[in-house]
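K.L.:
3D model of this:
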Amino acid sequence: MKQLRNNVIRAGLGALYFTGAHHLLRPILSGVGVIFTLHHVRPPRETEFQPNHHLAVAPEFLRAMLAHLRSRDIDIVTMDEVHQRLSERRFSRRFASFTLDDGYRDNRDFALPVLREFDAPLTIYVTSDFAEGTGCLWWVALEAVIAKASAVEVKIGDAPTRLETATANAKQAAFDRIHDWLRNLPGEHDIQREIDALCARHDVDAGRLCREFCMSWDELKSLAEDPLVTIGAHSVTHCNLAKQREEVAAREMSESRARIEKALQRPAQHLAYPYGNRCAAGVREFALARAAGFKTAVTTRPGMIFPENAEHLTALPRVSLNGNYQDTRILPVLTSGAATAMWNGFRRIDAA
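P.N.:
This next block holds a predicted model:
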């Protein structure tokens, strides 16, 4: 099902490119700017089983996007500047802003050097528990479990289920089924319990994976001294905020900010909601972020930035630079607004 969805999206992007429709739609749909979502930026891996491939783009693809933006004379700005332009209604020039979620070490090692080539700023949204080495990258741990196993046993609902994982296709099918089951569990503690059990049975150290993939506070403190880098908040535990009680969701936001400011001795004025889609961030979360004093908060709802977004600064949309669609031909499609408009039914604002 996910492969079918990817194929449909790829076909849609290709159709916009080959028909040239994005050129015609750009003046109507491109808005005043765009905020890009990334997670990993790193060289391609050779392994056949890569279920989290969509979360990683190659440095060359990021470089191509930056070159494309510069060729169109689009300003590449900080999230502070996004906030300022929206607040002051300064829209004479289009802008783009690059944001990276979670706080992965490859953001420093591979993304920042490319961005430096273009004197382009970036915002890294840090999950506090990841920086402390105590968090759980459960989707990475699940990949590690399935990668080494020939079969995986889980109890989905009340039924013990054995999933064969001897081949790459079988591994992908098992990952998709378990991933979707975990995402639909009632709470984060349920995900943690099941991942802990899987890791224990298959001798996977989830804590080591967190420390291996994510920057520590010391690394982040050094990184934050770079004038191109802004550090934002991404909750304490990377939980689905919409599933939490209101006081818990509010604490996830405020404590994440407090931990960053204490560790880095710098203000953390921008927030990214974990997962960030409609099921993870809605009207309540937008209000909580506003009450917590964040200047902006970004979702993963797809969309360009329009003047009307000035009224919804804690519900800003983004455009994903997705590892499944690293074709440089689609870059003008992504910046035209045509793809996100079609996805959104041509709504300019999606903040409800």
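
K.L.:
which stretches of the stretch 51-200 of the chain form strands?
P.N.:
Using DSSP state E, counting those that start in this stretch, the strands of the stretch 51-200 of the chain run over residues 56-57, 75-76, 95-102, 122-126, 151-156, 159-164.

K.L.:
by contact count, what packs against the fourth one?
P.N.:
So that's strand 122-126. Packed against strand 122-126 by the contact rule (3 or more C-beta pairs under 8 Å, 6 or more residues apart in numbering; DSSP states H and E) you find strand 95-102, helix 217-224, strand 229-233, strand 270-272. C-betas here are computed from N, CA, C, even on glycine.

K.L.:
ditto for the third one
P.N.:
If you count contacts as 3+ C-beta pairs under 8 Å, 6+ apart, strand 95-102 packs onto strand 33-38, strand 75-76, helix 79-88, strand 122-126.

K.L.:
the shortest one - what's its average pLDDT?
P.N.:
Looking back up the chat, that one is strand 75-76. Averaged across strand 75-76, the pLDDT comes to 98.

K.L.:
quick one: contacts of that strand?
P.N.:
Contacts of strand 75-76 with the rest of the structure, by C-beta atoms under 8 Å, 6 or more residues apart in numbering, involve 66, 69-70, 81, 93-98, 118, 120-121.

K.L.:
could you do the last one as well?
P.N.:
Taking C-beta under 8 Å, 6+ apart as the criterion, the residues outside strand 122-126 that touch it are 78-79, 97-103, 107, 111-112, 115, 215, 220, 223, 228-234, 256, 260, 270-272, 298.

K.L.:
walk me through which strands that strand pairs with, and which way each runs.
P.N.:
Strands that pair with strand 122-126, judged by DSSP bridges, come out as strand 95-102 (parallel), strand 229-233 (parallel).

K.L.:
do the same with the shortest one
P.N.:
Looking at strand 75-76 with DSSP bridges, its paired strands and their directions are strand 95-102 (parallel).

K.L.:
the partner strand: how far from the chain's middle?
P.N.:
Centroid separation for strand 95-102 versus its chain: 9 Å, with C-alpha atoms, centre = their mean, to the nearest Å.

K.L.:
now stretch 224-237
P.N.:
With C-alpha atoms, centre = their mean as the basis, stretch 224-237 stands 14 Å off its chain's centre.

K.L.:
same check, this time on stretch 28-44
P.N.:
Worked out by C-alpha atoms, centre = their mean, stretch 28-44 lies 10 Å from the chain centre.

K.L.:
so where is the stretch 1-150 of the chain shaky, pLDDT-wise?
P.N.:
Scanning the stretch 1-150 of the chain for pLDDT under 70 picks out the ranges 1-5, 7-8.

K.L.:
what's the closest of the helices and strands packed on strand 95-102 to Thr314?
P.N.:
Of all the helices and strands packed on strand 95-102, helix 79-88 sits nearest to Thr314, with 10.6 Å by C-beta to C-beta.

K.L.:
show me what the closest one is packed against.
P.N.:
By 3+ C-beta pairs under 8 Å, 6+ apart, helix 79-88 packs against strand 33-38, strand 95-102, strand 229-233, strand 270-272, strand 296-302.

K.L.:
can I get the strands paired with strand 122-126 in TSV with mean neighbour count?
P.N.:
Below are the strands paired with strand 122-126 laid out as TSV (neighbours: other C-beta atoms under 10 Å):
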stretch	mean neighbour count
strand 95-102	25
strand 229-233	24
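
K.L.:
can you redo these as CSV with distance to Ile146?
P.N.:
Listed next are the strands paired with strand 122-126 as CSV, based on distance: least, C-beta to C-beta, whole Å:
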stretch, distance to Ile146
strand 95-102, 21
strand 229-233, 31
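
K.L.:
tell me which of the ones you listed sits nearest to Ile349.
P.N.:
Closest to Ile349 of the strands paired with strand 122-126, according to C-beta to C-beta: strand 95-102, at 17.8 Å.

K.L.:
give me the angle between that closest one and strand 33-38.
P.N.:
20 degrees (axes from the mean of the first three to the mean of the last three C-alpha atoms, to 10 degrees).

K.L.:
residue contacts, the closest residue to Ile330 other than its chain neighbours?
P.N.:
Distances taken as C-beta to C-beta, 6 or more residues apart in numbering place Leu13 nearest to Ile330, at 4.7 Å, with adjacent residues excluded. When contacts are counted by C-beta under 8 Å, 6+ apart, Leu13 touches Tyr325, Asp327, Ile330, Val333, Ala339.

K.L.:
between those residues, which sits nearest Glu247?
P.N.:
Using C-beta to C-beta, Ala339 comes nearest to Glu247 of the contacts of Leu13, at 38.1 Å.

K.L.:
what's the helix or strand for the closest one?
P.N.:
In this assignment (DSSP states H and E), Ala339 forms part of helix 338-343.

K.L.:
from the chain's centre, how far out does that helix sit?
P.N.:
With C-alpha atoms, centre = their mean, you get 19 Å for helix 338-343.

K.L.:
how many residues are close by Pro267?
P.N.:
Residues near Pro267, counting by other C-beta atoms under 10 Å, number 13.

K.L.:
I'd guessed it sits against Glu261; true?
P.N.:
Yes - with contacts counted by C-beta atoms under 8 Å, Pro267 reaches Glu261, the gap being 6.2 Å.

K.L.:
how about the helices and strands packed on helix 79-88 in TSV, adding distance to Glu285?
P.N.:
Below are the helices and strands packed on helix 79-88 laid out as TSV (distance: least, C-beta to C-beta, whole Å):
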stretch	distance to Glu285
strand 33-38	17
strand 95-102	16
strand 229-233	13
strand 270-272	9
strand 296-302	8
